[in-house]
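In: my questions are about this predicted structure, shown below with the sequence.
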Amino acid sequence: MQASAIRIELDNPAVEPGRLLSGRVQVSVVSPIHHADLRVKMLCAEEMGWNGVMEATPSARSLVYRHEHFSSELVLLGNGTELQPGTYEYPFRFSVPVHVPVSFIHQRYQTLNMMNAFIADQLSSKIRAKMNHTVAATMVVNGEVETSQEVVHEFVVPSVALKTLPVIVEATHDLRMFELIQRGSSHLTTELVNPAVSPTGTIQVSVRLDNESAQRLHKIKLVLHEDVTANGQAVPHDVLSNETRKVCSGVFKGKTIAEARQGQAAIVQMPIKSTNPTLTELLTPTVHGYFIDVKYRVVIECVFSWKRRISVTLPLTITANPEEIATACDQ
């Protein structure tokens, strides 16, 4: 029979970056304890797991990595503290760092901590990354490790509200061929109407050209790219590599071109729908983690007569799909 039992209570299961995480450790003592040591630790750790699959047969190779982003520990009871039978409470407070990694999605005080990033390498490897925020209390009784106890309580660190600042990119390019066209400089201004979209949303880009080059505009192409990066230092294995893939694309003529030729800003709209039959999963929300980075970019290309062209790249943020969040939180 154990001489004591411990449990953790948090004042709030969700704490914003830069705020205080407060709570208490409750200790129930059954029989006298002559030497008690009680510690509580706050920890944020990111885990990455990989399972290789070759020719539809699970590979025996499996890798798991763990990295602690930050941790803090408090000593609530020093070794040598005597406790008589009864119930005790020991409060604690931790300061959550302002800059917290955001390799996770949260909603309604729940953490959707499993995110899939698929890297199309020769092994069709599947990477899983998750972020855990925990408070752990450990009590050692009478200096004997065998009688020590540990309880772990998870908490959520909501990410800062997404700021959809305007994304505007301009470019100037010389369209002259063999100096035959005296006025050949083209100026392109593009703006993402919605800098952040869900995996099933629609990309909208405003495209504006100077009057001279707008008259020679032939078509507008839009391409969405996904860039997945596995940190080479954190994961020093050749089975993990960097990969860029084209998610979807569209070509716009007709009415869109007519608006641009009239000196107006042409609004290009493209639903996010994979044109790659092998890409069946929804897009992974934009991730900036210790092990994995997932980024998205939109490339706008204006094609003119004589096959002259000018292009710009705009960064796009993919957010969590609201339907997926609601479903996961209800589970």
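Out: Cool, got the structure. Residues are numbered from 1 along each chain as shown.
In: going by C-alpha atoms from here, please, whenever you check contacts or count neighbours.
Out: Fine.
In: all strands for the stretch 1-150 of the chain, in order.
Out: Taking DSSP state E, counting those that start in this stretch as the criterion, the stretch 1-150 of the chain contains strands spanning 4-10, 20-29, 33-54, 57-83, 86-95, 105-107, 110-112, 115-118, 126-141, 144-154.
In: worst average pLDDT in those strands?
Out: Note on the strands of the stretch 1-150 of the chain: strand 110-112 shows the lowest mean pLDDT, a mean of 32.
In: could you list the low-pLDDT ranges of the stretch 151-300 of the chain?
Out: Applying pLDDT under 70 to the stretch 151-300 of the chain flags residues 158-166, 173-185, 230-243, 274-282, 287-292.
In: thought residue 272 was touching residue 197?
Out: No: at 9.3 Å, residue 272 does not count as touching residue 197 under the criterion of Cα atoms under 8 Å.
In: mutual contacts of those two, please.
Out: Counting by Cα atoms under 8 Å, 6 or more residues apart in numbering, the contacts common to residue 272 and residue 197 are residue 203.
In: which strand or helix spans the nearest residue to residue 210 once chain neighbours are set aside?
Out: Distances taken as Cα to Cα, 6 or more residues apart in numbering put residue 187 closest to residue 210, at 5.7 Å, once the chain neighbours are dropped. Assigned by DSSP states H and E, residue 187 belongs to strand 185-192.
In: in its sheet, what does the very next helix or strand once past that strand sit against?
Out: Going down the chain from strand 185-192, the next helix or strand is strand 196-197, by DSSP H and E. Note on strand 196-197: by DSSP bridges, its sheet partners are strand 309-318 (parallel).
In: contacts for the partner strand?
Out: For strand 309-318, the external contacting residues (Cα under 8 Å, 6+ apart) are 167-173, 175, 186, 188, 190, 192, 195-199, 283-286, 295-303.
In: which of these are buried?
Out: 168, 170, 175, 186, 188, 190, 192, 195-199, 283-286, 295-298, 300-303 (16 or more other Cα atoms under 10 Å).
In: quick one: the helices in the stretch 201-331 of the chain?
Out: Secondary structure of the stretch 201-331 of the chain (DSSP state H, counting those that start in this stretch): helices located at 211-214, 254-261, 322-330.
In: tell me what the first one is packed against?
Out: The reference is to helix 211-214. Applying 3 or more Cα pairs under 8 Å, 6 or more residues apart in numbering; DSSP states H and E, we find helix 211-214 packed against strand 185-192, helix 254-261.
In: please identify the most buried of the ones you listed.
Out: When the helices and strands packed on helix 211-214 are scored by mean count of other Cα atoms under 10 Å, the highest mean neighbour count falls to strand 185-192 (a mean of 19).
In: related to what we said a few turns ago, what is the strand holding residue 187 packed up against?
Out: Counting contacts by 3+ Cα pairs under 8 Å, 6+ apart, strand 185-192 is packed against strand 167-174, strand 202-209, helix 211-214, strand 309-318.
In: the nearest residue to residue 141 once chain neighbours are set aside: how many residues sit nearby?
Out: Distances taken as Cα to Cα, 6+ apart place residue 36 nearest to residue 141, at 4.9 Å, with adjacent residues excluded. Residues within reach of residue 36, counting by other Cα atoms under 10 Å, total 20.
In: so residue 36 makes contact with residue 75?
Out: No: assessed by Cα under 8 Å, residue 36 is found out of contact with residue 75, at 11.1 Å.
In: circling back to that earlier point, and the helices and strands packed on strand 185-192: which comes nearest residue 131?
Out: strand 309-318 (18.6 Å; Cα to Cα).
In: could you give the angle of that closest one to strand 185-192?
Out: In terms of direction (axes from the mean of the first three to the mean of the last three Cα atoms, to 10 degrees), strand 309-318 departs from strand 185-192 by 10 degrees.
In: hang on, the earlier thing: show me what contacts the residue nearest to residue 141?
Out: Neighbouring residues of residue 36 by Cα under 8 Å, 6+ apart: 77-83, 139-143.
In: ok, and for stretch 196-214, which residues are buried?
Out: 196-201, 203-210, 213-214.
In: can you list the domains in the protein?
Out: According to automatic domain parsing, the chain comprises the domains 4-154, 167-330.
In: distance between the ends of the shortest one?
Out: When you say that, I think you mean domain 4-154. 22 Å (Cα to Cα, to the nearest Å).
In: how about stretch 14-31?
Out: Start to finish, the residues bounding stretch 14-31 are 35 Å apart (Cα to Cα).
In: repeat for stretch 262-270
Out: With Cα to Cα, one end of stretch 262-270 sits 22 Å from the other.
In: for that stretch, which outside residues touch it?
Out: So stretch 262-270 is contacted by 202-211, 214, 222, 249-250, 252, 256-257, 259-260 (Cα under 8 Å, 6+ apart).
In: circling back to that earlier point, out of the contacts of residue 36, which end up buried?
Out: 77, 79, 83, 139-142.
In: export those to CSV and tack on distance to residue 30?
Out: CSV is the format used below for the buried ones among the contacts of residue 36 (distance: Cα to Cα, whole Å):
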residue, distance to residue 30
77, 17
79, 19
83, 10
139, 14
140, 15
141, 12
142, 14
